[in-house]
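Trainee: Next one to model:
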Amino acid sequence: MLTDLWLTITGRVARAPRPAHLTVTLPDEDSADTIVAEIRSPPEFEAGPIAGFACIITYSDARGRSSERRVTCQRLDRAASQIYLYAYCHERAAVRQFRLDRIIAVIDLHTGEVEDEPARFFERFTVDREQSTKLGWGLSVRKRADLVAGLNALVFMARCDREWHPLEREALEAFIASYWLRAELPGEPPLDEIMAHADRLAPDAETFYVSLMRCGDNPVLARMIRRHIQAVVEADGRIAAEEFHWGSTVDDFFRTLNN
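Mentor: Numbering: from 1, shown residues only. A predicted model of the protein is given here:
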């Protein structure tokens, strides 16, 4: 079932917005050190804090060539003394790896705001020694990862028909409130902060898959996702063919887990 699910999902992506302030600049070919082998089997990395986060990066490759591109972040990995950002490049329609120290700037997809200290920007998504993230909304690492996985699954569903309807956004807010209640978390959820993050999600196939895997590992979360996917699909009063297809696919996946 997992292999079948991956074969169904692979190649799919929730397209990141293409804002007016984006100036796509790419070399004729990306340098060899950024190329990542195509994954032909289900991915094995975990859905971490940065999974699904979309932004624009300005990058200088090993040959000093600059590029500007939209990416959906998958994960941060360390190799020897270097940290790499693995991300789906929307301009190349493929996964690339970027050395963090060669990322010149990070640009917000929505506002155009430029963060010219990328290391500090990405530090928000790392886990420190106390096992908490700088962008944790007061949650433990596990609960925050569960919430982000759920958001990625729902955002994929909301964006699969290439629209992001205000009523679908309200359905995400309802999921966050429900998650807070079922997890018995104190106080009210920082809804504006969490939704600001959700607005910047554009999960690619691998992120969508690993997010579903994480949701499936938690029976309570899996039931919530099934219920709220239906709410997202029905939110705008019409069910697009893509929404019906993916809603049925995900529902079959979770139903199989329970059998």
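Trainee: Residue 8 belongs to a helix?
Mentor: Yes: according to DSSP: H, G, I helix; E, B strand; the rest coil, the state of residue 8 is that of a helix.
Trainee: Grab the nearest non-local neighbour of it.
Mentor: Ranked by C-beta to C-beta, 6 or more residues apart in numbering and with sequence neighbours excluded, the top spatial neighbour of residue 8 is residue 249, at 5.8 Å. (C-beta placed from N, C-alpha, C; glycine too.)
Trainee: check which helix or strand covers the one you found.
Mentor: Per DSSP states H and E: residue 249 is located in helix 241-257.
Trainee: Three-state assignment for residue 193, please.
Mentor: Secondary structure of residue 193, per three-state DSSP, is helix.
Trainee: Surely residue 71 touches residue 92?
Mentor: No: counting by C-beta atoms under 8 Å, residue 71 does not reach residue 92; the two are 9.6 Å apart.
Trainee: Tell me which of these two has more neighbours.
Mentor: Neighbours per residue (other C-beta atoms under 10 Å) separate residue 71 from residue 92, with residue 71 holding more: 28 against 16.
Trainee: How about the more buried one: which residues does it bridge to?
Mentor: Beta bridges link residue 71 to residue 55, residue 89, judged by DSSP bridges.
Trainee: Next up, the contacts around the residue nearest to residue 8.
Mentor: If you count contacts by C-beta atoms under 8 Å, 6 or more residues apart in numbering, residue 249 has them with 5, 8, 9.
Trainee: For residue 236, see how far away it is.
Mentor: Separation of residue 249 from residue 236 (C-beta to C-beta, to the nearest Å) stands at 20 Å.
Trainee: same check, this time on residue 103
Mentor: Distance from residue 103 to residue 236, by C-beta to C-beta: 36 Å.
Trainee: so how many other residues sit close to residue 205?
Mentor: Residue 205 has 20 neighbours, counted by other C-beta under 10 Å.
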